Structure formats: C-alpha cells, structure tokens
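> Give me coordinates for this.
(chains A and B)
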Amino acid sequence: KAGVTQTPRYLIKTRGQQVTLSCSPISGHRSVSWYQQTPGQGLQFLFEYFSETQRNKGNFPGRFSGRQFSNSRSEMNVSTLELGDSALYLCASSPPDGTYEQYFGPGTRLTVT
Amino acid sequence: AQKITQTQPGMFVQEKEAVTLDCTYDTSDPSYGLFWYKQPSSGEMIFLIYQGSYDQQNATEGRYSLNFQKARKSANLVISASQLGDSAMYFCAMRITSYDKVIFGPGTSLSVIP
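Numbers count the residues shown, from 1 in each chain, chains lettered A, B, ... in the order given. Down below sits the predicted model:
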C-alpha cells in the first residue's frame, strides 16, 4: 500500500505570493491533518479534514486554508506569504479504525524570500 | 492547558545500549492517547508506538517500549539495543479525545555513537 504523498517536495516563493500544497493520503484513510514545522515553534497543528469537512483548526491566521476532495486528497493554501511562513509542511492521514495513529508524508519544504 | 514536555534537547547513546527518552504531559482530560514519532534528517515523521490512557499494560513494538506512568503523567520511550539508524529527532505527542487535536513536544535529538 502506497504511503502518504505530498507535492511538491520543495518550493521557493516570494513574499506576497500565494501557494498551494497537495497531499494524497493512504488508500482508505479519510482523515487528513496538516502541520507546520519550524525550528522556533516546533510542530504546530494547522487543520484536520474528514470526509471533505474541516473537523478541527489550529491557531493560524485566515491566510492559511485548506480543503479536502471526495477522494480524500487534500490541499492547503497560504495566501499573501510572509517570511515567517518558511517551514516544513507535513501532512498526515489516519485510518478509520479510531486509533488516532497518524501516517506522515515526506513534507513540503517552503521557503519564502 | 494541554502540554507536552521533553526536557532532553539532545542525547547520546552507545550503539547496542538502551536509552530512555523522557516525556511528560499535562491534561485534566481522562481520555487521551500518547504517541512517539521518529523524524530522521530526511524529514518524514515515522510512527513508533501508541499508548491509550486506559491501557493497563505498557505498549511495546519491537525494540520500542513505552514506560507509561499515569499518576506521574509521564510516557517515556525506551529504545533497546540502539542502532546507528536510530539517530534522529524523537517527538512525543498527545491526542486528547475531547480536544481532538494532536499536540507535539519540542523533540529530543538522539545520536547513536558507534
């Protein structure tokens, strides 16, 4: 069974631009969570989607948004990029058995210049 | 407030020795799960082990075991027979059922010395 995939793996953007990151969960997983990882703040929860609905949201500004499609693939969007948005963005999917185990993708490393 | 504390920013261990990575958590919710993840330099987070708050026995997965002391609110990870490939960042995390978000600790960097 294929793991969680994230595209692109690396991205360089300029301040003020917007970016869309994509995540394909493990087949059969319907829950997708997004995290931001930075050296200063560590791993921070962005949001979680389940069956195309946002189930939970972390403490991030409205510039960060996401969505999930009927095939469980998820995208996150960051508008009006700031230098502080430079980070590793990790996506994780969870099986439907309620164990809360999360399987992470390799991440997208975003650099904002 | 819910919080995970990992007091060891960095640790060294000799190959083939056992090592314990500390994790303490704070929650007043009775229902929660505790996780450990490994993050090699490649960046991908790898799930290692899970312990539910109502589980009576400590979780074990191969060379990994979780020393769960509920009264002390600690969930230490024990890695037996360390290998060079164990060198990585290790994160302790908690998911509280009612809160329904996963909270991560700051991580511990483990270096295995040959």
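> Tabulate the CA atom coordinates of stretch B:1-15 in PDB.
Extracted in PDB, the C-alpha atoms of stretch B:1-15 (Å, rounded to 0.1, in the frame of the first residue of the first chain):
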ATOM      1  CA  ALA B   1      -3.700  23.700  29.400                       C
ATOM      2  CA  GLN B   2      -2.600  20.700  27.400                       C
ATOM      3  CA  LYS B   3       1.100  20.500  27.000                       C
ATOM      4  CA  ILE B   4       3.900  18.000  26.200                       C
ATOM      5  CA  THR B   5       7.300  18.500  27.800                       C
ATOM      6  CA  GLN B   6      10.500  16.800  26.600                       C
ATOM      7  CA  THR B   7      13.300  18.000  28.800                       C
ATOM      8  CA  GLN B   8      16.200  16.500  26.900                       C
ATOM      9  CA  PRO B   9      17.100  18.600  23.800                       C
ATOM     10  CA  GLY B  10      19.900  16.200  22.900                       C
ATOM     11  CA  MET B  11      21.100  12.800  23.900                       C
ATOM     12  CA  PHE B  12      23.900  10.400  23.100                       C
ATOM     13  CA  VAL B  13      23.900   6.700  23.400                       C
ATOM     14  CA  GLN B  14      26.500   4.000  22.600                       C
ATOM     15  CA  GLU B  15      25.500   1.500  19.900                       C
END
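> who touches it?
By CB atoms under 8 Å, 6 or more residues apart in numbering or on different chains, the list of residues contacting stretch B:1-15 from outside reads B:19, B:21-27, B:29, B:79, B:82-84, B:86, B:91-94, B:96, B:99, B:103-114. Glycine gets a C-beta too; all of them are placed from N, C-alpha and C.
> how close does the residue most central in space within chain A get to chain B?
Taking CA atoms, centre = their mean, the centroid of chain A lies closest to residue A:34, which sits 3.3 Å from it. Distance from residue A:34 to chain B, counting by CB to the nearest CB, to the nearest Å: 11 Å.
> Point me to the helix or strand that includes that residue.
Counting by DSSP states H and E, the element that carries residue A:34 is strand A:31-38.
> Now find how far off-centre that strand is within its chain.
5 Å (CA atoms, centre = their mean, to the nearest Å).
> which is the next helix or strand following that strand?
Assigned by DSSP H and E, the successor of strand A:31-38 is strand A:42-50.
> Just want the angle from the helix or strand that that next one is followed by to strand A:31-38.
The helix or strand immediately downstream of strand A:42-50 is strand A:53-57, counting by DSSP H and E. On the basis of axes from the mean of the first three to the mean of the last three CA atoms, to 10 degrees, strand A:53-57 is oriented at 40 degrees to strand A:31-38.
> Check which helices and strands strand A:53-57 sits against.
strand A:42-50, strand A:64-68 (3 or more CB pairs under 8 Å, 6 or more residues apart in numbering or on different chains; DSSP states H and E).
> Need the residues that contact the shortest one.
Contact partners of strand A:64-68, identified using CB under 8 Å, 6+ apart, comprise A:32, A:34, A:46-47, A:49-54, A:74-79.
> before we move on, back to that, the strand holding residue A:34 pairs with which strands?
For strand A:31-38, the paired strands and their directions (DSSP bridges) are strand A:42-50 (antiparallel), strand A:87-94 (antiparallel).
> Per-residue confidence, residue B:38, what does it come out as?
Residue B:38 carries a pLDDT value of 96.
> tell me which element it is part of?
strand B:32-39.
> Would you check how far apart residue A:19 and residue B:17 are?
Per CB to CB, to the nearest Å, residue A:19 is found 44 Å from residue B:17.
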